[in-house]
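Colleague: Here's a sequence, model it:
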Amino acid sequence: MKAHELLSPEGAWTQGVMASDQDGLVCWALAPQARSWCLLGALHRCYNDTDYGYAVDDIESILRLQGYDYPEAWNDAPERTQAEVVALLKELDI
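Modeller: Next up, the predicted model:
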């Protein structure tokens, strides 16, 4: 599964934590009870270490052009939406 597919369903994306369960409690991105993920949490969930690194590099190169040094800063910006995160991942086919 690609990260954009994981984050596409309503409520599957979160901010401020890597992942959370159905009750909103913080959990590990790979935990079976995880139900929502931030951008990086979704990458952890979907990809092995090598592919994760490549995906982060691709994301960082685009976000630097928008003035963000880190993907988590972009993901956690108050104005960020789930649709924007999914669109970025789709654009990169991640």
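Colleague: In stretch 55-73, which of the residues would be classed as buried?
Modeller: By neighbour count with 16 or more other Cβ atoms under 10 Å, stretch 55-73 contains the buried residues 55-56, 58-59, 63, 68, 71-72. (C-beta placed from N, C-alpha, C; glycine too.)
Colleague: quick one: contacts of it?
Modeller: Residues from elsewhere that reach stretch 55-73 (Cβ atoms under 8 Å, 6 or more residues apart in numbering): 3, 38-40, 43, 47, 74, 77, 88, 91-92, 94.
Colleague: Over to it now: how far is its first residue from its last?
Modeller: 16 Å (Cα to Cα, to the nearest Å).
Colleague: just how off-centre is it within its chain?
Modeller: Relative to its chain's centre, stretch 55-73 lies at 12 Å (Cα atoms, centre = their mean, to the nearest Å).
Colleague: which residues of this protein fall in strands?
Modeller: 19-20, 36-37 (DSSP state E).
Colleague: so can I have CSV of the ones you listed showing mean neighbour count and mean pLDDT?
Modeller: Compiled in CSV, these are given as follows (neighbours: other Cβ atoms under 10 Å; pLDDT from 0 to 100):
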stretch, mean neighbour count, mean pLDDT
strand 19-20, 22, 98
strand 36-37, 24, 98
